[in-house]
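Visitor: got a structure for you, letters missing:
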């Protein structure tokens, strides 16, 4: 029996009140709840994420539902390790800039 990883999708559900938190448990795994900002972060299967999102939006206590952008990001950082220090912007390589005094400006113009 092989172990298969099921791709998951994060949903951010903004609610009016956290009293109905139990109703969201049937849609997926609740990962985090913010009482101050009144949102719930839950995971659902990626195959049914759009369908579940539409069902959650229909609930009367839900303000808004957002899909997480994490599956769109490339999470393989092995190729990029050490490259950040090698890249320097052109402005930083030329040295710090300073403002010219009025006398220096006049000398440049003549």
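Guide: Ah, there it is. This is a predicted model, so every value here is computed, not measured.
Visitor: For the rest of this, base every contact and every neighbour count on C-alpha atoms.
Guide: Noted.
Visitor: separation between the residue nearest the centre of the chain and residue 11?
Guide: Compute the mean C-alpha point of the chain, and by C-alpha atoms, centre = their mean the closest residue is residue 69, 5.9 Å away. Using C-alpha to C-alpha, to the nearest Å, residue 69 is found at 10 Å from residue 11.
Visitor: Could you do residue 53 as well?
Guide: In this structure, residue 53 and residue 11 are 8 Å apart, going by C-alpha to C-alpha.
Visitor: Touching both of the two, which residues are there?
Guide: residue 65 (C-alpha atoms under 8 Å, 6 or more residues apart in numbering).
Visitor: neighbour count winner among those two?
Guide: Set side by side, residue 53 and residue 11 show more neighbours around residue 11, with 23 against 19, by other C-alpha atoms under 10 Å.
Visitor: what helix or strand is that one on?
Guide: Assigned by DSSP states H and E, residue 11 belongs to strand 8-15.
Visitor: what's the following helix or strand after that strand?
Guide: For strand 8-15, the following helix or strand on the C-terminal side (DSSP H and E) is helix 21-24.
Visitor: Show me the contact partners of the very next helix or strand once past that next one.
Guide: Downstream of helix 21-24, the next assigned helix or strand under DSSP H and E is strand 29-34. The contact list for strand 29-34 (C-alpha under 8 Å, 6+ apart) reads 24, 39-44.
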